[in-house]
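Student: Fold the following.
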Amino acid sequence: MKAIIKASSVISPQHTHSAEGFPSVINEVISDRLTCLEPDYRNLINPIQLRRMPRILKMGLAASQLCISRAGGVDPDAIIVGTGLGCLDNLEKFLLEVIDNQERITSVLPFINSTHNAVAAQVAMLLKNHNYNITYCHRAFSFESALQDALMQIEEKQAQHVLVGGIDECTHDYVKLHGYLGYWKKPLSNLQLLGSGSSGTIAGEGASFFMVSGQPDKDVTGIILQGIHTFLTPQVSDLDSIEHEITWFLRKCRTELQDIDGVLLGLNGDNHFDQAYYALQKGFFPDQTIYMGYKHLCGEYYTATAFALWLGFVTLKSQQIPDAVNLTRIPDKPVKNLLLYNNFRNTEHSLILLKNGAL
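Tutor: Got it, this is the predicted structure:
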């Protein structure tokens, strides 16, 4: 299964919403969380609708509109969204309202906006789109599940153009509760995250959308989504099993290990879980492989791989590796095959292979 990525957009803690490429200025924050730099929504969404719209819906609708616009205004045959937390903040407000009003609902709107599928549904209503519409909530596999479904829709000829999104917001209670479990570091600069060498990471959020298509432009090369693979390992995963899964996945995509030009690693600065990345970097991939990181720019969240896919997309498209994400000192070289590898606390692993070429 493979398809071409025609367009992308992302609202993130960086200045990514205003341009299609990588931002020229990196946003540095000293905190235990990274929050999105949001656009002027009035240019993208009806101001009347904005009045009662929760923040996560604003981000999702704006990112989807930007992606559709960059894809030439294509009306998608399917809308598929992945989210780890859904509209958690609005759900909390709805439940508190029910308690405060003695289990009576004064308005149905807070409930409608609190469901996990609210973003996908609102995108469809905005577009007046009645096609296939679904939301996946599979923890760290949420976005990957959405992508896999998109590829299956294309392979089975059920859709030609699929709008795929990955979205999560960083809520106060989420950060607080997971802080008790040791998920986060004490406030520090996000640009120092990957070299911190201590436990914990920085919480993040983002809204990313992609127009994935099985219908390439004639005689034009593009960014090909070659395949996706997810797998689980025990709490203390064996490096051999990770290497085996990577090798199997590449062979399934008819790609050899030596063909990989760059690897986008999900390093998050937590020394308990980054060891697998460093081991692969040290002894598995070829010597001239270019390594990149991204979570110091977006933070850690369930659908952070959506930000990674956007970064891989703009890197292959521009054939330029920004200094802010380059972890190696290898001279610039053409990047044709780019592998994205992420693991969530070393148990939930995902692989995405991108290629610059023809479908």
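
Student: Any idea how many residues pack against residue 306?
Tutor: A count of nearby residues for residue 306, using other C-beta atoms under 10 Å, gives 33. (Glycine included, C-beta is placed from N, CA and C.)

Student: Which strand or helix spans it?
Tutor: helix 304-318 (DSSP states H and E).

Student: Let me see the mean pLDDT of that helix.
Tutor: Helix 304-318 carries an average pLDDT of 96.

Student: Could you look up the next helix or strand downstream of that helix?
Tutor: Defined by DSSP H and E, the subsequent element after helix 304-318 is strand 337-344.

Student: Can you name every helix or strand that that next one contacts?
Tutor: For strand 337-344, the packing partners by 3 or more C-beta pairs under 8 Å, 6 or more residues apart in numbering; DSSP states H and E come out as helix 239-252, strand 262-265, helix 275-283, helix 304-318, strand 348-357.

Student: 6 Å - rerun?
Tutor: strand 262-265, helix 304-318, strand 348-357 (3 or more C-beta pairs under 6 Å, 6 or more residues apart in numbering; DSSP states H and E).

Student: Go ahead and name everything in contact with the helix holding residue 306.
Tutor: Helix 304-318 has contacts (C-beta atoms under 6 Å, 6 or more residues apart in numbering) with 5, 8, 10, 12, 21-22, 143, 166, 206, 208, 223, 264, 294, 298, 321, 338, 340, 342, 350, 354, 356.

Student: Weed out the non-buried ones from these.
Tutor: With burial judged by 16 or more other C-beta atoms under 10 Å, the buried subset of the contacts of helix 304-318 is 5, 8, 10, 12, 22, 143, 166, 206, 208, 223, 264, 294, 298, 321, 338, 340, 342, 350, 354, 356.

Student: wait, doesn't the fifth one sit right on residue 322?
Tutor: What it means is residue 22. Yes. Contact criterion C-beta atoms under 6 Å: residue 22 and residue 322 qualify, at 4.8 Å.

Student: Need the nearest residue in space to residue 52, chain neighbours excluded.
Tutor: Excluding the flanking residues, the one nearest residue 52 by C-beta to C-beta, 6 or more residues apart in numbering is residue 109, at 6.3 Å.

Student: And the pLDDT at that neighbour?
Tutor: 76.

Student: what helix or strand is residue 163 on?
Tutor: Short version, using DSSP H and E: residue 163 is in strand 161-168.

Student: contacting residues around that strand?
Tutor: With C-beta under 6 Å, 6+ apart as the criterion, strand 161-168 contacts 60, 74, 76-85, 119, 143, 146-147, 150, 153, 205, 207-213, 301-303, 306.

Student: Next, count neighbours for the nearest residue to residue 302 once chain neighbours are set aside.
Tutor: Counting by C-beta to C-beta, 6+ apart, the nearest residue to residue 302 once its immediate chain neighbours are dropped is residue 84, at 2.4 Å. Neighbourhood size, residue 84 [other C-beta under 10 Å]: 23.

Student: what residues are up against residue 36?
Tutor: 11-13, 205.

Student: To residue 41, which of the helices and strands packed on strand 337-344 lies closest?
Tutor: helix 304-318 (19.8 Å; C-beta to C-beta).

Student: Pull the distance from that closest one to the chain's centre.
Tutor: 9 Å (C-alpha atoms, centre = their mean, to the nearest Å).

Student: That one: which residues count as buried?
Tutor: Buried residues in helix 304-318, counted by 16+ other C-beta under 10 Å: 304-317.
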